[in-house]
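Peer 1: from the sequence below, what's the structure:
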Amino acid sequence: MQASIFRSHGLAAQIAVAFLIVYAPHLHAAVIRPSLQESQASIVAASERDFDRLDNEAGLRSGGAFPFDYQHLVFFDLDEQGEPIAGADLWTAASVQAGRLRGVYEGGWNYSLNMTVTLYAADSVVARSETRNDYILGSRLDPNEPDGFPIQAMLRVPAGEYDYEIQIRDNNWEDNRSVNQIRGRVVIPESIITQPFISSVAIAADSAGTWNPSADLELQLNAARIIQKDARPYVYFEAYGLTPGSTYRGEVRLVSRWVSRGQGEEFRGTYQPFQMQYRGNVPADPSEPVRKLLRLDLSDTDPGHYEVQIRVRDLETGLVSEVRSARLKVRGADSVRRLVPVVDVTVDEP
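Peer 2: Predicted coordinates for the structure are as follows:
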């Protein structure tokens with residue numbers, strides 16, 4: 001029976017509906033189950049939406065006594081069969097405005113930060129991570145110094161949506177006199193097993209830093225994603241679901257996000273100032289993802305908003321990943337927030 005038939009008979013229809021409910025409990029509405037292919041496509045679409053949401057929220061900036069830019073990045077681990085292990089590595093990266101921090105002279109100017117990241121679900125703590133960085137500089141920073149100190153923490157958590165709290169403390173003040181914190185919501189995407197897929201895309205200012213996405217790699221994450229025009233920033237990502245021991249093709253593009261406001265503006269730059277294709281090898285060990293580090297050439301860019309777009313193709317199966325994006329802003333040399341050139345850094349991650 002269809003609802004439109006019942007609606008056409010008024011009270012009789014109501015009696016008929018009541019009769020079916022009371023005296024025919026064994027009758028159930030037909031359940032249309034999605035096919036396996038449709039279900040997998042739905043998982044892929046949901047994961048891509050979650051990654052887009054992460055990217056849209058990157059480069060957020062806190063207020064407070066010493067402002068900091070921050071972002072969240074998600075990476076996955078693989079098992080011996082190359083399948084993603086349940087859960088994900090959530091990295092929270094921050095860049096703290098250095099001129100607002102207190103320096104103490106101890107043979108060099110010492111600046112010390114502590115960052116605690118806490119995730120909550122239904123007001124209960126799901127995970128917490130704490131990191132301490134001590135930065136040793138050759139000279140004292142000017143109080144108006146806009147550049148930032150990088151610091152990050154990692155949490156291993158299941159996919160899902162959480163409330164988060166980021167708390168950063170200037171350790172050179174006693175009794176928590178200088179603490180800044182911010183709260184929000186973060187989503188951890190599901191991993192994908194039906195096709196190749198890509199992790200978050202990290203933008204780094206330098207190849208020497210405190211972020212270690214793998215054992216042999218150290219980077220200075222740029223949480224603000226604000227890049228100087230004459231810089232050559234690093235881009236790091238991981239690719240999963242490729243055939244072990246085979247080859248793949250990577251495609252990288254830098255695309256302008258310039259949009260006309262309908263006020264007679266004219267874009268004089270290049271819409272796609274950087275693009276490259278390369279052929280790479282997939283590790284023979286199924287538990288090892290492809291880890292790729294490359295550099296962007298920004299020489300043909302005008303100041304403005306851009307998007308790094310990355311896609312990989314498995315040359316064994318022909319399967320292609322969705323495009324993973326990372327937004328960034330290119331500025332002139334006189335207006336960009338950089339990372340402080342650090343002489344020495346000690347890191348303590350309990």
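Peer 1: so E145 sits against G103, correct?
Peer 2: No - with contact defined as C-beta atoms under 8 Å, E145 does not reach G103; the gap is 10.4 Å. No exception for glycine: its C-beta is placed from N, CA and C like everyone else's.
Peer 1: please say which of those two ends up with more neighbours.
Peer 2: G103 (19 against 15; other C-beta atoms under 10 Å).
Peer 1: ok, that one - contacts?
Peer 2: By C-beta atoms under 8 Å, 6 or more residues apart in numbering, the contact set of G103 is W109, N110, Y111, L137, R140, L141, N172.
Peer 1: tell me, how many residues neighbour the residue lying closest to N180 once chain neighbours are set aside?
Peer 2: With C-beta to C-beta, 6 or more residues apart in numbering as the criterion, N180 has its nearest non-adjacent residue at 3.7 Å, and that residue is G64. Neighbours of G64 under the rule other C-beta under 10 Å: 14.
Peer 1: please report how far G64 lies from D170.
Peer 2: Separation of G64 from D170 (C-beta to C-beta, to the nearest Å): 11 Å.
Peer 1: by mean pLDDT, point me to the weakest helix or strand of this structure.
Peer 2: Across the helices and strands of the chain, mean pLDDT, DSSP states H and E gives its lowest value to helix 10-23, namely a mean of 32.
Peer 1: run through the chain and note the low-pLDDT ranges.
Peer 2: 1-38, 259-270, 333-350 (pLDDT under 70).
Peer 1: ok, now with 80
Peer 2: 1-40, 65, 146, 175-177, 205-209, 258-273, 300, 332-350 (pLDDT under 80).
Peer 1: in the stretch 51-200 of the chain, which spans are strands?
Peer 2: For the stretch 51-200 of the chain, strands defined by DSSP state E, counting those that start in this stretch occupy the ranges 60-61, 68-75, 88-97, 104-105, 109-121, 124-137, 148-157, 160-170, 179-188, 197-198.
Peer 1: so what does the first one touch, helix or strand wise?
Peer 2: Helices and strands touching strand 60-61, by 3 or more C-beta pairs under 8 Å, 6 or more residues apart in numbering; DSSP states H and E, are strand 68-75.
Peer 1: now the fifth one
Peer 2: Packed against strand 109-121, as judged by 3+ C-beta pairs under 8 Å, 6+ apart, are the following elements: strand 88-97, strand 124-137, strand 148-157, strand 160-170.
Peer 1: R295: which of those is closest?
Peer 2: Judged by C-beta to C-beta, the one of the helices and strands packed on strand 109-121 that comes nearest to R295 is strand 148-157, at 18.1 Å.
Peer 1: packing partners of that closest one?
Peer 2: Counting contacts by 3+ C-beta pairs under 8 Å, 6+ apart, strand 148-157 is packed against strand 88-97, strand 109-121, strand 124-137, strand 202-214, strand 217-221.
Peer 1: report the angle between that strand and strand 109-121.
Peer 2: Between strand 148-157 and strand 109-121, the angle comes out at 30 degrees (axes from the mean of the first three to the mean of the last three C-alpha atoms, to 10 degrees).
Peer 1: CA atoms of strand 148-157 as CSV?
Peer 2: Taking C-alpha atoms only, strand 148-157 is exported to CSV below (Å, rounded to 0.1, in the frame of the first residue of the first chain):
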residue,chain,number,x,y,z
GLY,A,148,56.4,32.2,15.7
PHE,A,149,57.8,29.2,17.6
PRO,A,150,56.6,25.9,16.3
ILE,A,151,55.2,23.2,18.7
GLN,A,152,53.0,20.2,18.1
ALA,A,153,51.5,17.2,19.9
MET,A,154,50.1,13.8,18.6
LEU,A,155,47.2,11.8,19.8
ARG,A,156,46.1,8.3,18.6
VAL,A,157,42.3,8.3,18.5
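Peer 1: next, the buried residues of that strand.
Peer 2: Residues G148, F149, P150, I151, Q152, A153, M154, L155, V157 are the ones in strand 148-157 that count as buried (16 or more other C-beta atoms under 10 Å).
Peer 1: which one of those is nearest to Q228?
Peer 2: G148 (13.4 Å).
Peer 1: distance of the nearest residue to the closest one once chain neighbours are set aside relative to F66?
Peer 2: Spatially, and ignoring its direct neighbours in sequence, G148 is nearest to S95 (3.4 Å; C-beta to C-beta, 6+ apart). The gap separating S95 from F66 is 11 Å, by C-beta to C-beta.
Peer 1: buried residues in the helix of greatest length in the chain?
Peer 2: As assigned by DSSP state H, the longest helix anywhere in the chain is helix 36-56. By 16+ other C-beta under 10 Å, the buried positions in helix 36-56 come out as I43, V44, S47, E48, D50, F51, L54, D55.
Peer 1: now for it, which elements pack on it?
Peer 2: Looks like helix 36-56 contacts strand 68-75, strand 179-188, strand 324-331 (3+ C-beta pairs under 8 Å, 6+ apart).
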